[in-house]
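[1] Dropping a prediction and its sequence here:
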Amino acid sequence: MSSNSSTLNVEDRSVELPVKHGTIGPSVIDISKLYGQTGAFTYDPGFTSTASCESKITYIDGDAGVLLYRGYPIEQLAEHGDFLETCYLLLYGELPTAAQKADFDYRVTRHTMVHEQMNRFFMGFRRDAHPMAIMVACVGALSAFYHDSTDISDPQQRMIASMRMIAKMPTLAAMAYKYSIGQPFVYPQNDLDYTSNFLRMCFAVPCEEYKVNPVLSRALDRIFILHADHEQNASTSTVRLAGSSGANPFACIAAGIACLWGPAHGGANEAALKMLEEIGTPDRIPQYIAKAKDKNDPFRLMGFGHRVYKNYDPRARIMQKTTHEVLNELGIKDDPLLDVAVELEQIALKDEYFLEKKLYPNIDFYSGITLKAMGFPTSMFTVLFALARTVGWIAQWSEMIEDPSQRIGRPRQLYIGSPKRDYVTVAQRG
Ligand code: CMC
């Protein structure tokens, strides 16, 4: 589409709708005045054809399998950059100079501790609470602890809230994990880099010295880069919608975490590993492929398919490489789950059903195997996703708040309930 307007006929009316063009990617038809001009809404459940905003942050070409953060290909960032540099890029739009990077790393590091009273907040959870439940609650609760950064009209407060969340997410995530296994919380150690610090908070115990494995730290850092942003996905749209009402940033990110938890979204990494465990051995794969193809069976291949990627998810390729690196480093020669995953991928990629529907492995297909090998329980997988996605949510939320045309998000509906009718008293109801 290259023209600047498009004509739409609605019943007996014809309206000219402006067409807007982005830098790259599909153009959009601006329908914001459609209701005023025709009295009709558009209908797009699941938003398959709807652009909800303008954004300069992340670009995906789902057919070509391309993912760019601020224009930079994910492959290059994952290979050469580190997670905090990616955070800077997503937040500010440019890669930092050495001085800017040092300053940013320092600022994040200064906020890694959480208020000591948060420790008591944890005690209210049952031991077997899912760490995602704890994360939703604790991140929302940050707004009760940090009143000085909840005024969204103040750019300085917005910046401090952003720093706080990026810095405290690993601390809270590690606390959720430690609490679930009955070990004492480990305080952050600020001379470590972001990801090494997180590994230490998860796996150190007070009675032993803990040495961070640099290969694992680098691998996890790369996993964080892969998860940092993904344009207007369900959780990001949730954050934007929550933020559009003027809610404070901690509450908005808590809403994003809640949305991410679902198995169709961030919960898929946990579900994918459980599926591989359930399949167990390569000889059982055909039976699961058949289940996935059966219209009457709700089973889906977890870690397969994507709303936007109709090609191999570029993050999945990097993740697959990272899985091999981590298993090599840990001396895991034969991982039965990896055997099942590799075979399952090969079979699915040759199967007519998956080819026709363009279902390819997504980022969650291999991430579970990697995280499990590093020592994380399955219940922590989505927490790690939330940790890394926090910066994306914040960048998108900030972009929205700074947009002068921003208004509350308020979709409409096609009402299919009863037309107006009169109340009938209980005695008169048949
Ligand atoms: N296994 C089997 N069939 C599938 C799968 C799958 N994993 N995914 C989609 N299909 C089929 C689906 O049954 C449908 O068939 P039909 O047209 O005959 O009804 C067709 O493919 C299109 O599926 P859809 O549900 O309409 O597609 P969607 O864009 O609404 O859903 C998805 C995308 C990611 C929710 C879906 O592919 C899925 O449930 N995948 C498994 C869960 C998963 O791995 N999620 C992680 C996504 S990546 C990380 C993230 O974003 O959080």
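    Thanks, I have the structure now.

[2] residue boundaries of the strands in the chain?
    Secondary structure of the chain by DSSP state E: the strands cover 5-10, 13-20, 28-29, 58-61, 66-69, 72-73.

[3] ranking the ones you listed by burial, who's on top?
    strand 66-69 (a mean of 21; mean count of other Cβ atoms under 10 Å). Using the backbone N, CA and C atoms, a C-beta is placed for each residue, glycine as well.

[4] Now do it: distance to the chain's middle.
    15 Å (Cα atoms, centre = their mean, to the nearest Å).

[5] if you average pLDDT over that strand, what comes out?
    Average pLDDT, strand 66-69: 97.

[6] swap in stretch 330-339?
    88.

[7] quick one: terminal-to-terminal distance for it?
    This stretch, stretch 330-339, spans 17 Å end to end (Cα to Cα, to the nearest Å).

[8] buried stuff in that stretch?
    Using 16 or more other Cβ atoms under 10 Å as the test for burial, stretch 330-339 gives 335, 337-338.

[9] Does Gly93 touch Ser55 like I think?
    No: using Cβ atoms under 8 Å, Gly93 is not in contact with Ser55, being 11.4 Å away.

[10] Neighbour count: those two, which is higher?
    Regarding Gly93 and Ser55, a neighbour count based on other Cβ atoms under 10 Å identifies Ser55 as having more, with 19 against 13.

[11] Look at the closest residue to that one other than its chain neighbours and report its pLDDT.
    Among residues not flanking Ser55 along the chain, Glu399 sits closest, at 6.1 Å (Cβ to Cβ, 6 or more residues apart in numbering). Looking at Glu399, its pLDDT is 98.

[12] For the nearest residue to Ser143 once chain neighbours are set aside, give me the pLDDT.
    Of all residues not flanking Ser143 in the chain, Phe250 sits nearest, at 3.9 Å (Cβ to Cβ, 6+ apart). Looking at Phe250, its pLDDT is 97.

[13] Pretty sure Phe250 sits against Ile152.
    No: applying Cβ under 8 Å as the test, Phe250 and Ile152 come out as separate, 10.8 Å apart.

[14] quick one: the closest residue to the ligand within the stretch 301-430 of the chain from Ala174, how far?
    Nearest to the ligand, among the residues of the stretch 301-430 of the chain, is Gly305, at 2.4 Å (Cβ to the nearest ligand atom). Separation of Gly305 from Ala174 (Cβ to Cβ, to the nearest Å): 32 Å.

[15] try Asn269
    Asn269 is 18 Å from Ala174, by Cβ to Cβ.

[16] quick one, which of the two is more surrounded?
    Counting neighbours by other Cβ under 10 Å for Asn269 and for Ala174 shows that Asn269 has the greater number, 29 against 26.

[17] Now find how far off-centre the longest helix along the chain is within its chain.
    Longest helix of the chain, by residue count under DSSP state H: helix 155-181. Centroid separation for helix 155-181 versus its chain: 16 Å, with Cα atoms, centre = their mean.

[18] quick thing: my sequence starts at 28, can you match it?
    I'll keep to 28 as the first residue from here, and by that count the last item is helix 182-208.

[19] give me the number of residues near Asp310?
    Asp310, neighbours per other Cβ under 10 Å, totals 10.

[20] Now do the same contact list for the closest residue to the ligand within the stretch 28-177 of the chain.
    When scored by Cβ to the nearest ligand atom, the stretch 28-177 of the chain has Gly73 as its residue closest to the ligand, at 5.9 Å. By Cβ atoms under 8 Å, 6 or more residues apart in numbering, no residues touch Gly73.

[21] Where does pLDDT dip in this structure?
    28-29 (pLDDT under 70).

[22] and Glu102, how many residues sit next to it?
    By other Cβ under 10 Å, neighbour count at Glu102 equals 14.

[23] scratch that, Lys385 is what I was asking about
    Neighbours of Lys385 (other Cβ under 10 Å): 13.

[24] Give me the buried positions along the longest helix of the chain.
    Buried-residue list, helix 182-208, by 16+ other Cβ under 10 Å: 184-185, 187-207.

[25] what's the answer for stretch 338-352, then?
    340-347, 349-350, 352.

[26] Next, check the residues you listed against the helices and list the overlap.
    341-347, 349-350, 352.

[27] Keep only the residues you listed that also lie close to the ligand.
    Counting by Cβ under 6 Å from any ligand atom, nothing from these sits close to the ligand.

[28] gap between the residue nearest to Gln144 when sequence neighbours are not counted and Ile284?
    Spatially, and ignoring its direct neighbours in sequence, Gln144 is nearest to Phe172 (7.1 Å; Cβ to Cβ, 6+ apart). According to Cβ to Cβ, Phe172 stands 17 Å off from Ile284.

[29] More neighbours: which of those two?
    Neighbour totals were compared for Phe172 and Ile284, and Ile284 leads with 29 against 17 (other Cβ under 10 Å).

[30] What separation is there between the more buried one and the ligand?
    12 Å (Cβ to the nearest ligand atom, to the nearest Å).

[31] contacting residues for that residue?
    Contacts of Ile284 by Cβ under 8 Å, 6+ apart are 159, 162-163, 166, 262, 413.

[32] Quick check: chain neighbours aside, which residue is closest to Phe381?
    Closest to Phe381 by Cβ to Cβ, 6+ apart is Ala375, at 4.6 Å.

[33] Please consider this matter closed, and thank you.
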